[in-house]
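Undergrad: Output the structure for:
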Amino acid sequence: MMSKIHILLIEDEPALARVISDSLAQQNYNVTIATDGKKAYNTFLNGYFDLLILDVMLPHTDGFTLAQQIRLINKQTPLLFLTAKTETKDVIKGYESGGNDYLRKPFSLDELFLRVAELLNRHKNVPDKMPEQINIGKYLFKYEKQELWYDQELIRLSNRETELLFLLYKHKNAITERKTALTLIWGDDSFFNTRTMDVFITRLRKHLQKDKSIEILNIRGMGYKLVC
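TA: Model (predicted):
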């Protein structure tokens with residue numbers, strides 16, 4: 001018999017944590033609750049989890065910092081932020097710290113279930129073995145390490161930058177449709193996520209600017225094209 005999916009829920013509001021935990025349990029997930037960042041990190045180190053759900057505002061260690069600590073030792077486990085912070089800069093900070101998705105409070109349980117299922121499915125479909133390094137023009141892209149090298153210069157990429165660059169690379173010299181990228185990496189093609197992806201495209205262009213033969217073109221009404 002297949003074992004249940006194990007989720008680590010990190011939420012300091014007891015009532016909300018219990019509602020989420022009980023609801024996920026009804027969906028046949030096994031849930032462990034941690035109520036602050038320090039306990040959550042120790043729980044993560046001492047267990048195996050298929051998915052992490054993190055509140056941002058936590059005692060002892062905030063969610064962004066906790067995500068960064070976890071990503072130092074584990075880059076694969078999907079991570080979903082739950083937070084009342086809604087400004088674009090906060091969303092971007094969440095992705096940069098290693099988050100895979102971002103759900104704003106208040107949210108419906110149905111939306112939470114959809115996000116959880118989508119993240120688990122996306123993670124399941126990641127190839128077991130990725131290439132150790134990829135040449136993009138004069139750059140060396142190390143997917144697993146989330147690194148981009150130019151000569152001896154290291155650029156450390158966020159989880160979301162890594163996923164987006166790899167998707168563009170897979171379709172290099174062809175169009176990567178905007179909707180496809182948003183659905184695969186952000187979970188949906190909402191206006192808010194579209195704006196966020198545009199910010200990440202701008203960041204990738206900046207990272208790759210030293211090689212003038214590389215361009216990320218905006219194909220109006222369609223998506224982006226990595227030319228190299």
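Undergrad: show me the contacts for residue 172.
TA: 136, 226, 227, 228 (Cβ atoms under 8 Å, 6 or more residues apart in numbering). For every residue, glycine as well, the C-beta is placed using N, CA and C.
Undergrad: Most neighbours out of those, which is it?
TA: Ranked by neighbour count (other Cβ atoms under 10 Å), those have residue 226 at the top, with 23 neighbours.
Undergrad: what sits up against the strand or helix carrying that residue?
TA: Using DSSP states H and E, residue 226 falls within strand 223-227. Here strand 223-227 makes contact (Cβ under 8 Å, 6+ apart) with 136, 168-169, 171-181, 201, 214-219.
Undergrad: so what pLDDT did the residue nearest to residue 203 when sequence neighbours are not counted get?
TA: Nearest residue to residue 203 in three dimensions, chain neighbours excluded: residue 161, at 6.3 Å (Cβ to Cβ, 6 or more residues apart in numbering). Note on residue 161: pLDDT of 88.
Undergrad: SS state for residue 161?
TA: Secondary structure state of residue 161, per DSSP: H, G, I helix; E, B strand; the rest coil, is helix.
Undergrad: And it, how close does it get to residue 123?
TA: 18 Å (Cβ to Cβ, to the nearest Å).
Undergrad: Give me the more crowded residue out of these two.
TA: Neighbour totals were compared for residue 161 and residue 123, and residue 161 leads with 20 against 14 (other Cβ under 10 Å).
Undergrad: just how off-centre is stretch 20-31 within its chain?
TA: Counting by Cα atoms, centre = their mean, to the nearest Å, stretch 20-31 is centred 22 Å from the centre of its parent chain.
Undergrad: So for that stretch, could I get the coordinates as PDB, restricted to C-alpha?
TA: Only the C-alpha atoms of stretch 20-31 are listed here, as PDB (Å, rounded to 0.1, in the frame of the first residue of the first chain):
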ATOM      1  CA  ILE A  20      -5.800  23.400   7.900                       C
ATOM      2  CA  SER A  21      -4.400  20.200   9.400                       C
ATOM      3  CA  ASP A  22      -7.900  18.600   9.900                       C
ATOM      4  CA  SER A  23      -8.900  19.600   6.400                       C
ATOM      5  CA  LEU A  24      -5.800  18.200   4.800                       C
ATOM      6  CA  ALA A  25      -6.200  15.000   6.800                       C
ATOM      7  CA  GLN A  26      -9.700  14.700   5.300                       C
ATOM      8  CA  GLN A  27      -8.000  14.800   1.900                       C
ATOM      9  CA  ASN A  28      -5.900  11.800   3.000                       C
ATOM     10  CA  TYR A  29      -2.700  13.700   3.800                       C
ATOM     11  CA  ASN A  30      -0.600  13.100   6.900                       C
ATOM     12  CA  VAL A  31       0.200  16.400   8.600                       C
END
